[in-house]
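Engineer: All I have is the shape, not the residue letters:
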């Protein structure tokens, strides 16, 4: 045997040994499970209660309320916190506090952070697939992959949207006239019932353009939204940029719509026509921007509509030669 062959064969032998150990471990695990099934002690399920995500932390609802979340088959999955009006106010306060630093960051930096979120979401792909499968989502793996791709797509727009939405305007006179987009501020978002791809598709364009947000997650399937919150909390995203509330849309949305420190409202996930109209009327009190799209195909090309929905245009006049 040549010297060159020895390391290669040694590595091959190690891989074979590792594989044998793995097979032996699997067999031992099967025997242990078999013994437990034959009369050993049954394992108790851990009944988890998911919390809210406010200001980069995971507090319980101040009301102490929660509700049971069931799978598409009707099986109990977990308890989710039921956010109150006070929780909504706390989330708006956290979003406002984070707005200055986040909107002041460079567009390139925001894109980097969004890309990091995509990386971490892909790292927890198996968990998201399992949670989506419990909601009855078909082809859950493809949905998770599409959510990762959607984050990367929006991250790429971070330092390009200003060139698309801004302009240099011709004027009659010795002036420069330049229009540029700026973030609106705090955006309240009612997420759609599509619990991951739809959720990512309403959050990403809001934050990549420099806004902060308070999100009401899907009431029917909130667990992927809290898992996404765990991804956000362990990424480079500053606390308070995204705040996620679980609970009743009918209870929380009107308070956010009427909140005087909320600058814009996304009603994508409001299916009740009367509730949507009530929120629009409440939003008019401080002239909030309101985005209320028609039914959306989340797998389609999203375009730039959501990127520009929560941007304000600032126009600067400057005399020439100065």
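Structural biologist: Looks like it came in fine. Note that this is a predicted model, so its numbers are computed, not measured.
Engineer: just the helices in the stretch 1-150 of the chain please.
Structural biologist: 5-37, 85-104, 107-123, 125-134, 140-157 (DSSP state H, counting those that start in this stretch).
Engineer: Next, the closest residue to residue 135 other than its chain neighbours: secondary structure please.
Structural biologist: Closest residue to residue 135 apart from its sequence neighbours, by C-beta to C-beta, 6 or more residues apart in numbering: residue 221 at 4.2 Å. Using the backbone N, CA and C atoms, a C-beta is placed for each residue, glycine as well. Secondary structure assignment for residue 221 (DSSP: H, G, I helix; E, B strand; the rest coil): coil.
Engineer: which residues touch residue 221?
Structural biologist: 69, 135, 193, 195 (C-beta atoms under 8 Å, 6 or more residues apart in numbering).
Engineer: how about low-confidence regions in the stretch 1-150 of the chain?
Structural biologist: The stretch 1-150 of the chain contains residues with pLDDT under 70 at 1-40.
Engineer: so what's residue 215 up against?
Structural biologist: 189-191, 199, 202-203, 225, 242-245.
Engineer: ditto for residue 205
Structural biologist: Counting by C-beta under 8 Å, 6+ apart, residue 205 has contacts 154, 157, 302, 306-307, 309-310.
Engineer: Show me what secondary structure element comes after the strand or helix carrying it.
Structural biologist: Per DSSP states H and E: residue 205 is located in helix 197-208. Helices and strands here follow DSSP H and E; after helix 197-208, the next one along the chain is strand 212-216.
Engineer: and residue 153, how many residues sit next to it?
Structural biologist: 18 (other C-beta atoms under 10 Å).
Engineer: Spatially nearest residue to it (excluding sequence neighbours)?
Structural biologist: Closest to residue 153 by C-beta to C-beta, 6+ apart is residue 302, at 7.6 Å.
Engineer: can you check residue 158 too?
Structural biologist: Closest to residue 158 by C-beta to C-beta, 6+ apart is residue 111, at 3.1 Å.
Engineer: cool, and residue 86?
Structural biologist: Per C-beta to C-beta, 6+ apart, closest to residue 86 is residue 62, 4.8 Å.
Engineer: Near the one you found, how many other residues are there?
Structural biologist: Residues within reach of residue 62, counting by other C-beta under 10 Å, total 15.
Engineer: who touches it in this structure?
Structural biologist: Going by C-beta under 8 Å, 6+ apart, residue 62 touches 84, 86-87, 90.
Engineer: can you check residue 116 too?
Structural biologist: 235-237.
Engineer: which stretches of the stretch 151-300 of the chain form helices?
Structural biologist: 161-165, 197-208, 223-233, 249-258, 273-283.
Engineer: In terms of secondary structure, what does the third one contact?
Structural biologist: Which is helix 223-233. strand 76-81, helix 107-123, helix 125-134, helix 197-208, strand 242-245 (3 or more C-beta pairs under 8 Å, 6 or more residues apart in numbering; DSSP states H and E).
Engineer: Dump these to a markdown table, plus distance to residue 58.
Structural biologist: Shown next, in a markdown table, are the helices and strands packed on helix 223-233 (distance: least, C-beta to C-beta, whole Å):
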| stretch | distance to residue 58 |
| --- | --- |
| strand 76-81 | 9 |
| helix 107-123 | 16 |
| helix 125-134 | 16 |
| helix 197-208 | 17 |
| strand 242-245 | 10 |
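Engineer: Of the ones you listed, which is nearest residue 162?
Structural biologist: When the helices and strands packed on helix 223-233 are compared by C-beta to C-beta, helix 107-123 sits nearest residue 162, at 6.8 Å.
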